[in-house]
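Participant: quick one: sequence plus predicted model below, questions after.
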Amino acid sequence: MDAMRRTRLLGLWLLAALSLAQPSRASDSGVLPKDDAPPAPPPETRKPKAPAAPAKSPGSDDASSASNSHNCFMDLSVPPGGNAVFAGDGILYFLAQTDKAISQKAGVKGKAARQTQAELAKVGYTLFKVNLKTQQSERLAAFDHLIQASLLTYGNPAETAIAIAFSGSRATCFSGPAALLDINLGKGESKAMRAVGQYEIVAAPLGRMLVELKKHMIISIDPTTFQRKALRSIPEGERGLYFDPIKNELTTWTEDGEERGLARYIGRGDSAATQLSIKKGERVLQQGGLFAVAHFNGKQNSIDIQPQTGWSGEQKSARFTITLPLAYPVVSAGIEIDFKNHIALVFGANYSAKLRWQRVFIFDYQSGKMLTAMPVSGSQYLNYVGIDPSSSYAFVEVRDQATKLTTGVKLYDIAKKGFIDVNLDLGNELGAK
């Protein structure tokens, strides 16, 4: 079965699953407008992209991660996405998994079997608003959605939240076929709207934005009407990493078979203002609109962090090395970086690595010194790690291995170099412990 047919069947399955499996807590009131026929692609400003060889994500134990599409983990340490959003002013929005999927049927076939599959794929989520300074949280909504949903919010305070769950071979890259659940958090009756399509996630100054892949277009969503608005096109064949809608500044990952690296566009033109070439075997580190290059040395189990002038906020380019204990191979590592305080958080990059590592290491990458490590119990793993834009806190989510439910979250105070528990009413027996 070719890739196009698989994509078409997957889209039909998602539509069937969403129509059969209704949410138990969030009411549906329609869907977002369907995609129109894609416009003609923008004129090429580079030579045509050559198809890349299939690759497996670092540390992955899942053979399905290999596909005809290039794997983003060969290029990016951590692609834009995840279930927490830093919205500015010390506020974080966080999607906790608070109910596990339970099948009501067994041994059934046909339509009933498809419904059972949809039920198995859905879990319960609770959306929290967390004040990083006071460590207090507020419940905003509860709903059912497909597994491994990422979060986007619009406004601060948020008026709209989007839970987006990707499927297919590039799901861990937050790209490809996806199911959207839009939730109105503003005044009036709460509504939820569902849609399916081909999407990607791009980082933005106050969170994240959606990319419609068919149109190569970054979009926004009106928090009142849920209507979409096109903001900026992305050159075909490139992946958007960061977009500032005020400055109209776009940074992308680009690879044409011979050269790979970052391209930065200013304004609406498709001619890159600046480019940063990145060697094969190196990956991109990203903090919002700032970037660095990382070289992963498997023999030494070390990572060279290379901030670049004009990309990282540093006055001059440099090279720093951090070394991990041998039990935690760098080939399966992800990194969140804070350029202001020269902090690197290193953790397992994918699910299988998260289960093996069960900790996040915190380094001062200028000195190469490990400041601390946050371990969890043998029945837990770290699901999400991120650093807030003000460089004040790192946020860590802990989940239970057996149920995949969120059991708690911690903050790492970067200035005080200590961990703080967040007051989070999870409403499940694991979180209540």
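Facilitator: In hand now; what should we look at? Numbering: from 1, shown residues only.

Participant: who's in contact with S277?
Facilitator: Applying C-beta atoms under 8 Å, 6 or more residues apart in numbering to S277 gives the contacts 259-261. Just so you know, the C-beta spots here come from the backbone N, C-alpha and C atoms, and that holds for glycine as well.

Participant: kindly report the same for V123.
Facilitator: By C-beta under 8 Å, 6+ apart, V123 lies in contact with 97, 99-101, 144-147, 404.

Participant: lowest pLDDT pick from those?
Facilitator: Lowest in pLDDT among these is A101, which has 69.

Participant: the residue nearest the centre of the chain in helix, strand or coil?
Facilitator: Centroid check for the chain by C-alpha atoms, centre = their mean gives G81 as the closest residue, at 1.3 Å. With DSSP: H, G, I helix; E, B strand; the rest coil as the basis, the three-state label of G81 is coil.

Participant: going forward, the N-terminal residue is numbered 135.
Facilitator: Okay, using 135 as the starting number, the last item reads as G215.

Participant: isn't it right up against L286?
Facilitator: No: applying C-beta atoms under 8 Å as the test, G215 and L286 come out as separate, 9.3 Å apart.

Participant: so V532 is in which element?
Facilitator: Take DSSP states H and E as the rule and V532 turns out to sit in strand 527-534.

Participant: circling back to that earlier point, could you list which of the contacts of V257 belong to helices?
Facilitator: When the contacts of V257 are checked against helices (DSSP state H), there are no matches.

Participant: which one of these sits closest to N557?
Facilitator: For these, the closest approach to N557 (C-beta to C-beta) belongs to Q231, at 18.4 Å.

Participant: just list whatever residues bridge to the closest one.
Facilitator: Y259 (DSSP bridges).

Participant: test my guess that it contacts T541.
Facilitator: No: with contact defined as C-beta under 8 Å, Q231 does not count as touching T541 (10.0 Å).

Participant: overlap of the contact sets of those two?
Facilitator: With C-beta under 8 Å, 6+ apart, Q231 and T541 have common neighbours R533.

Participant: can you count the residues close to V556?
Facilitator: By the criterion of other C-beta atoms under 10 Å, V556 has 21 neighbours.

Participant: sorry, back to before: just the buried ones from the contacts of V257?
Facilitator: 231, 233, 235, 278-281, 538 (16 or more other C-beta atoms under 10 Å).

Participant: helices and strands of this structure: which one bottoms out on pLDDT?
Facilitator: Taking mean pLDDT, DSSP states H and E as the measure, the chain has strand 162-165 as its least confident helix or strand, at a mean of 32.

Participant: residues in contact with the following helix or strand past that strand?
Facilitator: Sequence order places strand 218-222 as the next helix or strand after strand 162-165, per DSSP H and E. Contact partners of strand 218-222, identified using C-beta under 8 Å, 6+ apart, comprise 226-229, 285-287, 290, 292, 339-342, 518, 520, 522-523, 529, 531.

Participant: among those residues, name the ones in strands.
Facilitator: Among those, DSSP state E puts 226-229, 285-287, 341-342, 518, 520, 529, 531 in strands.

Participant: for these, which one is nearest G258?
Facilitator: L229 (10.9 Å).

Participant: ok, back up a step: just give the closest residue to the residue nearest to the centre of the chain, not the sequence neighbours.
Facilitator: Once flanking residues are discounted, G215 sits nearest to F308: 3.2 Å by C-beta to C-beta, 6 or more residues apart in numbering.

Participant: quick one: contacts for the one you found?
Facilitator: Taking C-beta under 8 Å, 6+ apart as the criterion, F308 is in contact with 213-216, 284, 300, 334-335.

Participant: from the residues you listed, which two are the most distant?
Facilitator: Largest separation among the contacts of F308 by C-beta to C-beta: G216 and E334, giving 13.7 Å.

Participant: M351 is in contact with S367, correct?
Facilitator: Yes: with contact defined as C-beta under 8 Å, S367 reaches M351; the gap is 5.5 Å.

Participant: before we move on, the earlier item: the residue nearest to the centre of the chain and L274, how far apart?
Facilitator: 20 Å (C-beta to C-beta, to the nearest Å).

Participant: just to revisit the earlier point, G216 and E334: which has the busier surroundings?
Facilitator: Each of G216 and E334 has its neighbours counted (other C-beta under 10 Å); E334 has more, 26 against 21.
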